[in-house]
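A.B. asks: show me how the following folds:
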Amino acid sequence: MVRYQGCLAARSKVRAEVVPGGSRSTKEPVQLRLFSEDGEEQESARPAKRSRSSRHPWAYLLRRVFLVDVEACAQCGGRMKLVEIANDRNDIARVLAVHGLGPDPPVQVGPMPGQLALMLA
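C.D. replies: As a prediction, the model looks like this:
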């Protein structure tokens, strides 16, 4: 695959001046106005052009790569949404206090279900 930059790029405004034969002009379609019999303007049958972003949300990428839906609740299967972001130490302590959790992680007595206990030497 060859990619051209500068005046040779596909959408360059001066491409027609440097490339023999010029470039194909891609004109935007004209949006037609439709009027009913009583003179009121109606929406066009052609949908308006939307600009699409090439970026995908992080949840979509995780689902696509790792086959894990991080927006699905493990208990009920419902959709989760982002409610609050806590980056500051005080904000984190406040959010943990609202949910009845302390600032320290909970003490783990043994291995979690499904994990093997490792012998430490």
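
A.B. asks: can you give me the strands in this structure?
C.D. replies: Under the criterion DSSP state E, the chain contains strands at 34-35, 41-42.

A.B. asks: mean pLDDT lowest for which of those strands?
C.D. replies: Confidence, taken as mean pLDDT, is least for strand 41-42 of these (a mean of 55).

A.B. asks: so Ile92 touches Ala86, yeah?
C.D. replies: Yes - under the criterion of CB atoms under 8 Å, Ile92 makes contact with Ala86 at 4.6 Å. All C-beta spots, glycine's among them, are computed from the backbone N, C-alpha and C.

A.B. asks: overlap in contacts, those two.
C.D. replies: Between them, Ile92 and Ala86 share no contacting residue under CB atoms under 8 Å, 6 or more residues apart in numbering.

A.B. asks: what's the local residue count around Met112?
C.D. replies: 6 (other CB atoms under 10 Å).
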